[in-house]
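*Asks:* fold the following for me, if possible:
(4 chains)
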4 protein chains.
Amino acid sequence: MTRRATVHLVAARHPGDAAAVAALLDSGAVKANRIVAILGKTEGNGCVNDFTRAYAVEALCHMLAPRLGLGAAQVAERVAMVMSGGTEGGLSPHFLVFAVDEAAAPTPGGALALGTAFTADFQAEELGRMAQLRATARAVREAMAQAGIGDVADVHYVQVKCPLLTMERITAARRRGATVATEDTYHSMGLSRGASALGVALALGEVTEEALSDAVIGADWSLFSARASCSAGVELLRNEVVVMGNSTAWGGELRIAHAVMPDAIALPAVHQALRGAGLDPGGGQIGAADAARLVAVLAKAEPSSTGLIRGRRHIMWDDSDINATRHARALVGGVIAAAVGRTDIFVSGGAEHQGPDGGGPIAVIARV
Amino acid sequence: MTRRATVHLVAARHPGDAAAVAALLDSGAVKANRIVAILGKTEGNGCVNDFTRAYAVEALCHMLAPRLGLGAAQVAERVAMVMSGGTEGGLSPHFLVFAVDEAAAPTPGGALALGTAFTADFQAEELGRMAQLRATARAVREAMAQAGIGDVADVHYVQVKCPLLTMERITAARRRGATVATEDTYHSMGLSRGASALGVALALGEVTEEALSDAVIGADWSLFSARASCSAGVELLRNEVVVMGNSTAWGGELRIAHAVMPDAIALPAVHQALRGAGLDPGGGQIGAADAARLVAVLAKAEPSSTGLIRGRRHIMWDDSDINATRHARALVGGVIAAAVGRTDIFVSGGAEHQGPDGGGPIAVIARV
Amino acid sequence: MTRRATVHLVAARHPGDAAAVAALLDSGAVKANRIVAILGKTEGNGCVNDFTRAYAVEALCHMLAPRLGLGAAQVAERVAMVMSGGTEGGLSPHFLVFAVDEAAAPTPGGALALGTAFTADFQAEELGRMAQLRATARAVREAMAQAGIGDVADVHYVQVKCPLLTMERITAARRRGATVATEDTYHSMGLSRGASALGVALALGEVTEEALSDAVIGADWSLFSARASCSAGVELLRNEVVVMGNSTAWGGELRIAHAVMPDAIALPAVHQALRGAGLDPGGGQIGAADAARLVAVLAKAEPSSTGLIRGRRHIMWDDSDINATRHARALVGGVIAAAVGRTDIFVSGGAEHQGPDGGGPIAVIARV
Amino acid sequence: MTRRATVHLVAARHPGDAAAVAALLDSGAVKANRIVAILGKTEGNGCVNDFTRAYAVEALCHMLAPRLGLGAAQVAERVAMVMSGGTEGGLSPHFLVFAVDEAAAPTPGGALALGTAFTADFQAEELGRMAQLRATARAVREAMAQAGIGDVADVHYVQVKCPLLTMERITAARRRGATVATEDTYHSMGLSRGASALGVALALGEVTEEALSDAVIGADWSLFSARASCSAGVELLRNEVVVMGNSTAWGGELRIAHAVMPDAIALPAVHQALRGAGLDPGGGQIGAADAARLVAVLAKAEPSSTGLIRGRRHIMWDDSDINATRHARALVGGVIAAAVGRTDIFVSGGAEHQGPDGGGPIAVIARV
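*Replies:* Residues are numbered from 1 along each chain as shown, chains lettered A, B, ... in the order given. This next block holds a predicted model:
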């Protein structure tokens, strides 16, 4: 039997809008028990107190539970729910439903392949440290095995959802005598994403184990994965990993490609990823025919730590009204929208160790 | 004697950073008494309580006063100071210094020409209404005459700085029995920009006088100027107008061109403006040689009133943490940066009656 | 059979934390089928895009559904869920569970009595207008009848949850040719609250029907209810009304009292409400014994429209980073906490026509 | 000759409003050359990009320069300008003008005495560390000597203005091989305030030198000063210190007293400070006669690091839309306004090592 990956993008009217995904199931386009992951771009602030992510997860679980014959809590254990908060600028809230069903035969030249894996729940003191990093690397290898991808070169995107520290978790750790990587809850999101990304880099051979330690996490930006995308959320305690690649063992009409944006305004890198997936941006923006073949754009956004973009000062880090990640998502969303002529793009903030400083990975999934 | 317009872009380290402009004067590149206008992109929120605009004006006036042999208050009466707050996304704070000096001879084919004019101070009850609109139209005609531009087709950009209502001005109006166009201070910024833009449209023949009334201001978005750019600020009580066009009577090496972005992600319109000014975006982003010839990009950004961009929902209007204009500047800044590879772009928010709903004018000044 | 009202306050760990209310049910302290209303102070921004309210409602409904043998949607039809977003300053997120069970006999001197009623769903064009006002007045009378309160003087608090306009609802109204009271989504919250409050005032005889019209809603602040508290939320389309008063026909040990804060810093009014409920603030802050008898504090907060508090300027209306209602909740929360020495206070923002301009009603429920 | 300290409170219409202070000088109430310090509560966000502080300083310096026969830059060297950003809740923007002139004779029982001192400019790597701490302690001793206060028990408030790190200063430090205490610009404000406060504590004998090290700054909250109030701002590079106490060698009718708020809602501590300065809060709020004798209230506000206020959760640390210090100022401003019936209170955020965790010092200056 040949596996086939499908990806459906549906608009979300609000964070708790499970209706659009339900319609997809009701139409028969996707079978509930074939769903392996749902990625969502929700309209919260993408920071510590962004409850739109948990709200979306809760709504999706309650919608899926009767369709899967499970309790709501069991749904979240089975389907990777990766909600990324923040639709700044023009970004449009949406869900991406990833499913695996069957094809008659493998696609010559290969097709999109998916694998998922979860770590165990983390203790507060493990977050942002080697414990989280190593557990993530193991989960990536497990997900690759599940996808039947043996060569790391065939992996084009690894989506990770990871936890963060809240004041409550920090004080609980304190009570049992443990110290945490940071007592700043907002900062904990970056460390958790960073440790997760370096876990991906380790699994994909982009960094060596010797180069890694607690001290480099959130500090040495020369170490990064070109294919990791990590989102932190208050609603989970473990890492959830979705590996996306191409495989000649899979069927279907989808392909994935990726590129690395060296900085936040690197339109040529966006073009490269589009071309890799068989789309032609020509003189700048893809045309209507190609736009219709575009299924998903997944990218990371981050303010450069230098405070500069090509030598010109940005104010993202100095702005105490709007968090830096919010500025970055808005900016990168604009650059990518310029190329694809659409705003339902999965731009996720906080690219610590995900692509070079100030840049980030971008992946495109398209119909051949 | 032939006039020549010069435009210098200098980075601002903070809103009160007059030092960069002072260095321009000290170097001899610009003579203080030849400055006609300074446009600034300052790093405030661009909304009611954005004091970075007034701070920049105060700092520039105090720096220029001894150089002009004037008091600080007199400087602001003589030089149009148009500060636009908000450098969301990747936008980089900067000042644009517009001066007029002399050339040996007119440039064949024409060159950038500048004219400035001011209205009288407005009463609170005149803002956002026909009184402000008509006074602006008169000022535009006056500035065109000053620039020696007779044909409205030669006007490519009209920058207007206009006042807003504060609670204090509203209550003062109430005390003398007057009613104001709105009691919502934030909303007053949009009405003031809208009335000013329709004043520009009236002067440029883009709308007819019969179509105009208090009722259409801030309401009938089918009426607009393709060349107006209006910024509201708490630091002034009059409208300040700078007309930019091309004239065969002027010398120098600068040219201006404009286009209209039909929506916020209209990369092709950005390309059109670049080409109009003699720059080649080729496959997407202009190269290093063209980037060096680019002097200034001036654009307006606005969330579409429909809540949609090409059919996809944006959340700008529903976000109560970040004002809609802030989202829009970040987005349009990203789209333009994708084309020019630079972030020191003068993107100004609040495009009421400035370009079509959700879009806006864009002008490019470049060395030939 | 004599009715008895019970009120339990439980802390919320996050907006979707139904566990604390579940524990109350599991302990037997409250029976699920006796719950008539749940009020919640959730930690969102309390404005248009505050999804913490809907998230809390969804979580509570899913928790209650199996306990009531109903579907989740039916729970919300039966139990009034009044979530008020915004815990600025020191306010502590919590839920107040109102239930009605039985007492052996009426309490001499009377006890807390509760009644609830719902309007039909509103069309977008009815919000902020007489249609919403009149429907609310009818619902208040219905809730009073249900509570067995015949004299309006025995009513001490009327909590109303009301809808707001989103861009989607506005455009839907436009498509069917209807005009709405405002196209500013944030402003629609104030108009909806204001119309609802005047509906309460009409039902309680605090204003006459002749004084009311679409034009006074959100405009004539001399008209108000001293006992209304209205919260707007995106998660409902109807008004939900909870009437609280004292009745000699009810049993139990709870009493309610109210006072009106003439401005935001009116500590004496807070003291008056505390004394009315039998608590003694003495020299300023109630002591430990009285604090233990305090069951709930319910209050409204609002920035004065004059921009002044006792002649001194506040900046709430001019702040474009933090909405005015958020400032007001933080301030009034501080003033009340000074008197009660606790921060789990139900301070709700947006007091349009709820108490005098800049002030608001405050109610205290305490054990005798 | 006997010295006399005067303190005048004037309202500010906006951050650059030097006119109110100018009117004070023009009226003869204060002589320009007698001003030793101006404290200002300005309406910015009080965080990294709060330019209202620098704007106020610039406006005051330009106003004072001709009156003092100095350049604007020299004014700032001579007069301590301590601007504290943030007027959340109901706080009212104002300036406090501290001057020293002459009295006929010392006041029996003593009167308000003032002393000022400045450190040298700090390097970025000195901020938040022992270098800043020790320099601050020296400046406090110097200011006490200047005020003629020999006994630390007579010191009731020490106001310190201190610098912060910006991305620019951090990268400059990096370039010369230095490491800074934090690379998070917002966090640097807390470390700078904390080091300054411990400097005050060291000078006043509230902590011993042995207990101090880089490691305890921003970490060991058991170490604090009960009389320090520190504000960080981007507009200066040195610490500016104003010592306030009572001295039997000074004349005039003013007295200062202080108390320590153990937590943010400690109304009794506010009452204690009022009583110490001869004002009677009676049953809660001081009456009109006492309010007229109240000259200034100075207090620090801070969220408790435990995330709790008297056992109830606050959300200040978890809120990524509004900084924790902004919540805290609003809350403490409400508590103090409840006692004094006024909103022009100098509540300054960020009380690291200033009072106990979650609390802070409060000082009251009143006419006898």
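*Asks:* which stretches of chain A form helices?
*Replies:* Taking DSSP state H to define them, one finds helices in chain A at A:19-26, A:52-68, A:72-78, A:130-147, A:167-175, A:185-203, A:267-276, A:288-293, A:324-340.
*Asks:* tilt between the fifth one and helix A:185-203?
*Replies:* In other words, helix A:167-175. With axes from the mean of the first three to the mean of the last three C-alpha atoms, to 10 degrees as the basis, helix A:167-175 and helix A:185-203 are set at 80 degrees to each other.
*Asks:* now swap in the last one and tell me
*Replies:* Note on geometry: by the same axes, to 10 degrees, helix A:324-340 and helix A:185-203 are set 50 degrees apart in direction.
*Asks:* ok, now the fourth one?
*Replies:* Put simply, helix A:130-147 runs at 50 degrees to helix A:185-203, going by the same axes, to 10 degrees.
*Asks:* same check, this time on the second one
*Replies:* With the same axes, to 10 degrees as the criterion, the two stretches helix A:52-68 and helix A:185-203 enclose an angle of 60 degrees.
*Asks:* got the helices of chain A as CSV, with distance to C:K300, mean pLDDT and mean neighbour count columns?
*Replies:* In this view, the C-beta of every residue, glycine as well, is placed from N, C-alpha and C. Converted to CSV, the helices of chain A look like this (distance: least, C-beta to C-beta, whole Å; pLDDT from 0 to 100; neighbours: other C-beta atoms under 10 Å in any protein chain shown):
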stretch, distance to C:K300, mean pLDDT, mean neighbour count
helix A:19-26, 34, 96, 16
helix A:52-68, 27, 96, 23
helix A:72-78, 36, 91, 16
helix A:130-147, 45, 98, 22
helix A:167-175, 29, 91, 17
helix A:185-203, 31, 95, 28
helix A:267-276, 50, 98, 22
helix A:288-293, 50, 91, 12
helix A:324-340, 31, 98, 30
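*Asks:* what would those helices look like in TSV with distance to B:V242?
*Replies:* As requested, these are exported to TSV (distance: least, C-beta to C-beta, whole Å):
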stretch	distance to B:V242
helix A:19-26	48
helix A:52-68	43
helix A:72-78	58
helix A:130-147	55
helix A:167-175	51
helix A:185-203	42
helix A:267-276	31
helix A:288-293	39
helix A:324-340	27
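*Asks:* out of these, nearest to chain B?
*Replies:* Among the helices of chain A, helix A:324-340 comes nearest to chain B, with 1.9 Å by C-beta to the nearest C-beta.
*Asks:* is any residue of the closest one near chain D?
*Replies:* No: Helix A:324-340 lies apart from chain D when judged by C-beta under 8 Å from any C-beta of the partner chain; the minimum separation is 8.8 Å.
*Asks:* using PDB, write down the CA coordinates of that helix.
*Replies:* Output of helix A:324-340 as PDB, limited to C-alpha atoms (Å, rounded to 0.1, in the frame of the first residue of the first chain):
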ATOM      1  CA  ALA A 324       9.700  42.100  18.500                       C
ATOM      2  CA  THR A 325       8.300  38.900  17.200                       C
ATOM      3  CA  ARG A 326       5.100  40.700  16.200                       C
ATOM      4  CA  HIS A 327       7.000  43.300  14.200                       C
ATOM      5  CA  ALA A 328       9.000  40.500  12.500                       C
ATOM      6  CA  ARG A 329       5.900  38.400  11.500                       C
ATOM      7  CA  ALA A 330       4.300  41.500  10.000                       C
ATOM      8  CA  LEU A 331       7.400  42.300   8.000                       C
ATOM      9  CA  VAL A 332       8.200  38.900   6.700                       C
ATOM     10  CA  GLY A 333       4.500  38.300   5.900                       C
ATOM     11  CA  GLY A 334       4.600  41.400   3.700                       C
ATOM     12  CA  VAL A 335       7.700  40.300   1.900                       C
ATOM     13  CA  ILE A 336       6.300  36.800   1.200                       C
ATOM     14  CA  ALA A 337       2.900  38.200   0.200                       C
ATOM     15  CA  ALA A 338       4.600  40.400  -2.300                       C
ATOM     16  CA  ALA A 339       5.800  37.200  -4.000                       C
ATOM     17  CA  VAL A 340       2.700  35.000  -3.700                       C
END
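*Asks:* helices or strands up against it?
*Replies:* helix A:267-276, strand A:294-301, strand A:346-349, helix B:267-276, helix B:324-340 (3 or more C-beta pairs under 8 Å, 6 or more residues apart in numbering or on different chains; DSSP states H and E).
*Asks:* turn those into JSON lines, columns for distance to D:A137.
*Replies:* Shown next, in JSON lines, are the helices and strands packed on helix A:324-340 (distance: least, C-beta to C-beta, whole Å):
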{"stretch": "helix A:267-276", "distance to D:A137": "53"}
{"stretch": "strand A:294-301", "distance to D:A137": "44"}
{"stretch": "strand A:346-349", "distance to D:A137": "42"}
{"stretch": "helix B:267-276", "distance to D:A137": "57"}
{"stretch": "helix B:324-340", "distance to D:A137": "43"}
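*Asks:* around chain C, pick out the residues from the stretch 251-368 of chain A.
*Replies:* Checking the stretch 251-368 of chain A against chain C by C-beta under 8 Å from any C-beta, the hits are A:D321.
*Asks:* and the residue of the stretch 251-368 of chain A nearest chain C?
*Replies:* Closest point on the stretch 251-368 of chain A to chain C, by C-beta to the nearest C-beta, is A:D321, at 4.7 Å.
*Asks:* pLDDT on stretch A:254-266, on average?
*Replies:* Averaging pLDDT along stretch A:254-266 gives 98.
*Asks:* for chain A, which residues are neighbours of chain D?
*Replies:* Of all the residues in chain A, those lying near chain D are A:45, A:47-50, A:166-168, A:171, A:183-187, A:305-307, A:313, A:315, A:317-321, A:323, going by C-beta under 8 Å from any C-beta.
*Asks:* report the separation between the residue sitting nearest the centre point of chain A and B:L24.
*Replies:* Residue closest to the average C-alpha location in chain A (C-alpha atoms, centre = their mean): A:Q159, at 3.7 Å. Counting by C-beta to C-beta, to the nearest Å, the separation of A:Q159 from B:L24 is 48 Å.
*Asks:* wait, what's in contact with A:A131?
*Replies:* A:A131 is in contact with A:F122, counting by C-beta atoms under 8 Å, 6 or more residues apart in numbering or on different chains.
*Asks:* sorry, that was for A:P163
*Replies:* Here A:P163 is in contact with A:122, A:127, A:192, A:232-234, A:236-239 (criterion: C-beta under 8 Å, 6+ apart).
*Asks:* quick one, what contacts A:V335?
*Replies:* A:264-267, A:270, B:334-335, B:337-338 are the contacts of A:V335 under C-beta under 8 Å, 6+ apart.
*Asks:* any idea how far it is from chain D?
*Replies:* Per C-beta to the nearest C-beta, to the nearest Å, A:V335 is found 22 Å from chain D.
*Asks:* A:A211: how many residues sit nearby?
*Replies:* Using other C-beta atoms under 10 Å in any protein chain shown, A:A211 has 13 other residues around it.
*Asks:* same check, this time on A:G205
*Replies:* Residues near A:G205, counting by other C-beta under 10 Å: 10.
*Asks:* what's the closest residue to it other than its chain neighbours in contact with, if anything?
*Replies:* Setting aside the residues directly before and after it, A:G205 is nearest to A:V152 in space (C-beta to C-beta, 6 or more residues apart in numbering or on different chains), at 5.5 Å. By C-beta under 8 Å, 6+ apart, the contact list for A:V152 reads A:144, A:203-205.
*Asks:* the closest residue to A:A291 other than its chain neighbours: how many residues sit nearby?
*Replies:* With C-beta to C-beta, 6+ apart as the criterion, A:A291 has its nearest non-adjacent residue at 5.7 Å, and that residue is A:G341. Using other C-beta under 10 Å, A:G341 is surrounded by 22 other residues.
*Asks:* no further queries at this time; thank you.
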